[in-house]
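Trainee: can't give you the sequence, but here's the structure:
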Ligand SMILES: O=C(O)C(=O)C[C@]1(C(=O)O)C=C[C@@H](O)C=C1
């Protein structure tokens, strides 16, 4: 039973919320007006760099730094990201191509990184995304590059070799897989459809909850969700976005075997991104296959105290047993200590290409 004083306290709290909402709305509108001023200044200077990844990373890092609750860092960052996304759309709307169809984790990565005020364009294959951005039909592209349990997306690495695009950003997404279906319950599921990586990431769960049920690998989880949306005895493994987009019930949630499953995505574009103080540089190195070569590649970083956080090899396709190495270096290529390490690596290499320097991803929390 609520008392009269409880009722009074509730209506007073709501009045406070109404006043705060007015203030928040006025401040957001004021912020949008300032963003338009920024756009006019850039236009007057003949610039077209409306989107500034390093500035956005800086703004969002400060949002998390000054947060003392009660909303958590991921939530307050997401809200501010949307405000900034709307401001940027006023300045100049962005077109972002991504590995579709709708409902893929890559789409979730686009919205996590750019907010929802961009035009997200789903494409069917990784090489199409590279092509569309290179041709100027999209401003940026987003592609998956590695998963913490299944390793690299080799197709993305192979495309980077011949592309003129640079890496302008990275997105880390905590990936949660759900079983989506029109079937009434698990007993009604006769077929599970998903990307091969997702089937692998849920192997133990599938073995124990759906033993003997046929597993079918398709091009993407979004495609899997689209397929099972028209069936009653099939289920897809996909994320929350696919469940919402295709109106599929979640028969089971978080079915991944490894709960800290994170996927990393790259943002591709034509822009040089200045340093933020918390950056990553990706390089591609071709070396002649000689004894001790790998050791010599890694030594400059170790000696300079510059972290090489990842090294991935792929067959070069130039000749058998000849390899390209993809190396991630902590720091920005404009910093002298990083530049020196890159120069030292280059002196050992047949070819070295800087794929890009970009701000480190903000938190792997799910969108
Ligand atoms: O600072 C700028 O250059 C802006 O354009 C403003 C703003 C913002 O809303 O804060 C908008 C878009 C950019 O990507 C970065 C920041």
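Mentor: Happy to help now that I have it. Nothing here was measured: the structure is a model prediction, and the numbers come from that model.

Trainee: Would you map the strands across the stretch 151-300 of the chain?
Mentor: Using DSSP state E, counting those that start in this stretch, the strands of the stretch 151-300 of the chain run over 151-152, 166-174, 178-181, 191-195, 214-218, 234-238, 249-252, 262-269, 279-286.

Trainee: Minimum distance to the ligand: which of those has it?
Mentor: With C-beta to the nearest ligand atom, the closest approach to the ligand among the strands of the stretch 151-300 of the chain belongs to strand 166-174: 11.0 Å. In this view, the C-beta of every residue, glycine as well, is placed from N, C-alpha and C.

Trainee: Burial check on residue 59, number of neighbours?
Mentor: For residue 59, the tally of surrounding residues (other C-beta atoms under 10 Å) stands at 15.

Trainee: Please apply the same query to residue 74.
Mentor: 17.

Trainee: what about it, which helix or strand?
Mentor: Secondary structure assignment for residue 74, by DSSP states H and E: helix 73-91.

Trainee: what packs against that helix?
Mentor: Secondary-structure packing of helix 73-91 (3 or more C-beta pairs under 8 Å, 6 or more residues apart in numbering; DSSP states H and E): helix 4-44, helix 53-65, helix 105-114.

Trainee: again, 7 Å this time
Mentor: helix 4-44, helix 53-65 (3 or more C-beta pairs under 7 Å, 6 or more residues apart in numbering; DSSP states H and E).

Trainee: secondary structure element for the closest residue to residue 223 other than its chain neighbours?
Mentor: Excluding its sequence neighbours, the residue lying closest to residue 223 (C-beta to C-beta, 6 or more residues apart in numbering) is residue 101, at 5.8 Å. According to DSSP H and E, residue 101 maps onto no helix or strand at all.

Trainee: Please apply the same query to residue 97.
Mentor: Taking DSSP H and E as the criterion, residue 97 maps to strand 95-99.

Trainee: And for residue 141?
Mentor: Per DSSP H and E: strand 140-147 holds residue 141.

Trainee: How about residue 314?
Mentor: strand 308-315.

Trainee: After that strand, heading C-terminal, what element do we hit next?
Mentor: Beyond strand 308-315 on the C-terminal side, the first helix or strand identified by DSSP H and E is strand 323-330.

Trainee: so the residue nearest the centre of the chain bridges to which residues?
Mentor: Centroid-nearest residue in the chain: residue 171, 3.0 Å away (criterion: C-alpha atoms, centre = their mean). In this entry, residue 171 is beta-bridged to residue 265, by DSSP bridges.

Trainee: now swap in residue 96 and tell me
Mentor: residue 120, residue 140.

Trainee: any idea how far residue 68 is from it?
Mentor: The gap separating residue 96 from residue 68 is 33 Å, by C-beta to C-beta, to the nearest Å.

Trainee: okay, those two: which has more neighbours?
Mentor: Comparing residue 96 with residue 68 by other C-beta under 10 Å, the one with more neighbours is residue 96, at 24 against 5.

Trainee: quick one: the more buried one and residue 142 touch, right?
Mentor: Yes - using C-beta atoms under 7 Å, residue 96 makes contact with residue 142 at a distance of 6.2 Å.

Trainee: For the two, list the residues in contact with both.
Mentor: By C-beta atoms under 7 Å, 6 or more residues apart in numbering, residue 96 and residue 142 have these common neighbours: residue 110.

Trainee: Pretty sure residue 35 sits against residue 89.
Mentor: No - contact criterion C-beta under 7 Å: residue 35 and residue 89 do not qualify, at 9.4 Å.

Trainee: how about low-confidence regions in the chain?
Mentor: Residues of the chain meeting the criterion pLDDT under 70: 1, 149-150, 318, 320-321, 364-367.

Trainee: Enumerate the residues of it near the ligand.
Mentor: Residues of the chain found near the ligand (C-beta under 6 Å from any ligand atom) are 35, 38, 50-52, 55-56, 59, 84, 87-88, 91.

Trainee: and the strand holding residue 141, how far out from the chain's middle?
Mentor: 6 Å (C-alpha atoms, centre = their mean, to the nearest Å).

Trainee: Stretch 251-263 now?
Mentor: 17 Å.

Trainee: Give me the distance between the two termini of that stretch.
Mentor: 23 Å (C-alpha to C-alpha, to the nearest Å).

Trainee: now do stretch 263-279
Mentor: First residue to last in stretch 263-279 (C-alpha to C-alpha) measures 18 Å.

Trainee: Run the chain-centre distance for that stretch.
Mentor: Counting by C-alpha atoms, centre = their mean, stretch 263-279 comes out at 11 Å from the chain centroid.

Trainee: Residues in contact with it: which ones?
Mentor: If you take C-beta under 7 Å, 6+ apart as the criterion, stretch 263-279 is touched by 49, 53-54, 57-58, 105-106, 109, 113, 130, 133, 139-147, 156, 165-173, 175, 331-332, 334-335, 357-360.
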